[in-house]
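K.L.:
Sequence first, predicted coordinates after that:
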Amino acid sequence: CFFFFQAEDGIRDRSPSRGLGDVYKRQVNVLEIDLSSPDYELEFVSAPQLDSLSSVALKHDAVAGINGTYELEASFVKVNGSIISPITLPEGHLRYWKHEGAIAYDGYKVEIGYGTKESYSYNSMPNIFSGAPVLIDDYQPVGETFIGDITGINLNSLDGEDYRRHQGVRHPRTAVALTEQNKLLLVTVDGRADLAAGMTAKELTSFINQYFKPQHALNVDGGGSTTMYIRDSNLSATDVVNYPCDNKKFDHYGQRSVRTFILVKKHSNGQLFDSGDGSEDNPYIIKTARHMQDMHKVNYSKGMVYFRMEADVNMSGIDWQALNVSEPYDRLVHFDGNGHVIKGLKSQGNYASLFGVLCGVCKNLGIVDADIVAQNGGGILAGYVGIKIPTSDVPVSYTHLRAHETDSYIVCRLLLEKKKKKKPETGYWK
């Protein structure tokens, strides 16, 4: 669904630091994606060089999209398991606040919440864009108080990257929000024009909370970067539907070239694997590392999903996200290695391993040269076993292991055993 919101609320606003003109006007675009729908999927993109949203959308055959997060040195950016930017700014830098929260996507679920540079690096989700500020956290409108008490402070006297001015003065904004009904909202707020003043973080939080009541919401890069694309919208030659302001005109052609994007694409589930439909009689056939990564994009909502390898797979150079690390740990799998070997498995984070929380069966599989670093329990095959498992038949062979130890847990085990510690904890960011 695509929502377009435009309003002039008539509020008189005479403070020169708070907007353009003395009437505060709003123009907002909201795109809703049903994450439970088998028809669409997200793609996080980090372009190798600066590019416009409409250009990237065309290259990736996207049906919709928005700009992504802030400049790379201030952001944590991870795409398809590879960390593009680990946040290189030193702590205490004026722009260090820009990674307070993050949005993550594993091909099936979206998570939005608080985090740190360290927690993002350990997080096993394959796609992560940080951002700031967090606007709504478990229904709490925390963005309303992000800048704190500014009594007596002339915001325009502060540096433009000071978080109080950056988020306390009206600008164009881009945000993402997640509802309890598993709907993702992509939001753009136009600004820096007489017909669209923009919003502060407080106003954006209140707007999203008033009209959509999401469980979580996060602000990402805004200002001249704020752009929304809808294919075949017929609102402009580039299919940009909002009024990006980088050209200092109120039209659809002021896109800024940026590095990161969140795209919406038609789901390609039938092309994820060499063949198969995931049933017991016709399992998904895995022959490449890409097929392994696409296990994250399968719809697991209907029960057990069957996979069978038909070739050895080299996963060297891939930061593998354990398959099942999101509550309620409901990805049931029957994985038949068929006598083949996975080489170079590298995984880190909560329940770092091939499967994370193993719910199902894995058999006839060899794993060699594994490199596992776990923050909260881990192993080569799984970091936790025993939830919803229909059988205990889990044969696997190991050779050439390299183990790491963190905290008090040895996280790379030669023997797979049911862990006697507590069940997996919820939360991914702290």
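P.N.:
Received the coordinates, thanks.

K.L.:
Off-centre distance for stretch 247-255?
P.N.:
The chain centroid and the centroid of stretch 247-255 are separated by 28 Å under CA atoms, centre = their mean, to the nearest Å.

K.L.:
Identify all contacting residues around that stretch.
P.N.:
Contacts to stretch 247-255, defined as CB atoms under 8 Å, 6 or more residues apart in numbering, come from residues 52-54, 192-196, 224, 227, 235-236, 238, 240-246. All C-beta atoms are positioned from the backbone trio N, CA, C, and that covers glycine.

K.L.:
how long is it from one end to the other?
P.N.:
7 Å (CA to CA, to the nearest Å).

K.L.:
buried sites along that stretch?
P.N.:
250, 252, 254, 255 (16 or more other CB atoms under 10 Å).

K.L.:
and if you look at stretch 73-86?
P.N.:
Buried residues in stretch 73-86 (16+ other CB under 10 Å): 74, 75, 76, 77, 78, 79, 80, 81, 84, 85.

K.L.:
ditto for stretch 369-377
P.N.:
369, 370, 371, 372, 373, 374, 375, 376, 377.

K.L.:
Now it: average pLDDT?
P.N.:
Across stretch 369-377, the average pLDDT comes to 84.

K.L.:
what comes into contact with stretch 221-229?
P.N.:
Here stretch 221-229 has contacts from 29, 31, 52-54, 57, 62, 64-71, 131, 171-174, 186, 188-192, 238-242, 244-246, 254-256, 258, 260, using CB under 8 Å, 6+ apart.

K.L.:
Going along the chain, name the helices of the chain.
P.N.:
53-59, 117-122, 163-168, 201-211, 289-293 (DSSP state H).

K.L.:
Next, format the ones you listed as JSON lines and append mean neighbour count.
P.N.:
Below are those laid out as JSON lines (neighbours: other CB atoms under 10 Å):
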{"stretch": "helix 53-59", "mean neighbour count": "20"}
{"stretch": "helix 117-122", "mean neighbour count": "18"}
{"stretch": "helix 163-168", "mean neighbour count": "21"}
{"stretch": "helix 201-211", "mean neighbour count": "20"}
{"stretch": "helix 289-293", "mean neighbour count": "18"}
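
K.L.:
In CSV, list the ones you listed along with mean pLDDT and distance to residue 35.
P.N.:
Listed next are the helices of the chain as CSV, based on pLDDT from 0 to 100; distance: least, CB to CB, whole Å:
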stretch, mean pLDDT, distance to residue 35
helix 53-59, 95, 19
helix 117-122, 93, 21
helix 163-168, 98, 28
helix 201-211, 95, 17
helix 289-293, 87, 19
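
K.L.:
contacting residues for the residue nearest the centre of the chain?
P.N.:
Central residue of the chain (CA atoms, centre = their mean): residue 104, 2.2 Å from the mean position. Residue 104 makes contact with 110, 111, 112, 123, 125, 127, 128, 129, 428, according to CB under 8 Å, 6+ apart.

K.L.:
residues near the fourth one, how many?
P.N.:
This points to residue 123. Using other CB atoms under 10 Å, residue 123 is surrounded by 23 other residues.

K.L.:
is it true that it touches residue 349?
P.N.:
Yes: counting by CB atoms under 8 Å, residue 349 is a contact partner of residue 123 at 5.4 Å.

K.L.:
and the nearest residue to residue 339 once chain neighbours are set aside, how far is that from residue 288?
P.N.:
Distances taken as CB to CB, 6 or more residues apart in numbering put residue 364 closest to residue 339, at 5.4 Å, once the chain neighbours are dropped. Distance of residue 364 to residue 288, computed by CB to CB, to the nearest Å: 18 Å.

K.L.:
Please apply the same query to residue 382.
P.N.:
From residue 382 across to residue 288, the span is 22 Å (CB to CB).

K.L.:
Which of the two has more residues huddled nearby?
P.N.:
Using other CB under 10 Å as the criterion, residue 382 and residue 288 rank with residue 382 on top: 28 against 14.

K.L.:
That one: what's its closest spatial neighbour, skipping adjacent residues?
P.N.:
residue 358 (3.6 Å).

K.L.:
same check, this time on residue 191
P.N.:
Using CB to CB, 6+ apart, the closest residue to residue 191 is residue 198 (2.3 Å).

K.L.:
Look at the one you found and report its pLDDT.
P.N.:
At residue 198, pLDDT is 95.

K.L.:
what's the neighbour count on it?
P.N.:
Neighbours of residue 198 (other CB under 10 Å): 27.

K.L.:
In this structure it contacts residue 174, no?
P.N.:
No: assessed by CB under 8 Å, residue 198 is found out of contact with residue 174, at 11.3 Å.

K.L.:
Can you pull the residues that touch both of those two?
P.N.:
With CB under 8 Å, 6+ apart, residue 198 and residue 174 have common neighbours residue 189.

K.L.:
In the stretch 301-430 of the chain, where is pLDDT below threshold?
P.N.:
Applying pLDDT under 70 to the stretch 301-430 of the chain flags residues 386-430.

K.L.:
any idea where the strands of it begin and end?
P.N.:
Remark: strands assigned in the stretch 301-430 of the chain by DSSP state E, counting those that start in this stretch are 305-309, 313-314, 332-343, 346-352, 357-368, 371-378, 384-385, 396-399, 402-403, 405-406, 409-410.

K.L.:
next one: the fourth one to chain centre, how far?
P.N.:
Between the mean C-alpha location of strand 346-352 and the chain-wide mean there is a distance of 17 Å, by CA atoms, centre = their mean.

K.L.:
Name the residues that touch it?
P.N.:
Everything outside strand 346-352 that qualifies as a contact, by CB under 8 Å, 6+ apart, is 121-124, 315-316, 318-322, 325, 353-354, 356-357, 370-378, 382-384, 411, 424-425, 428.
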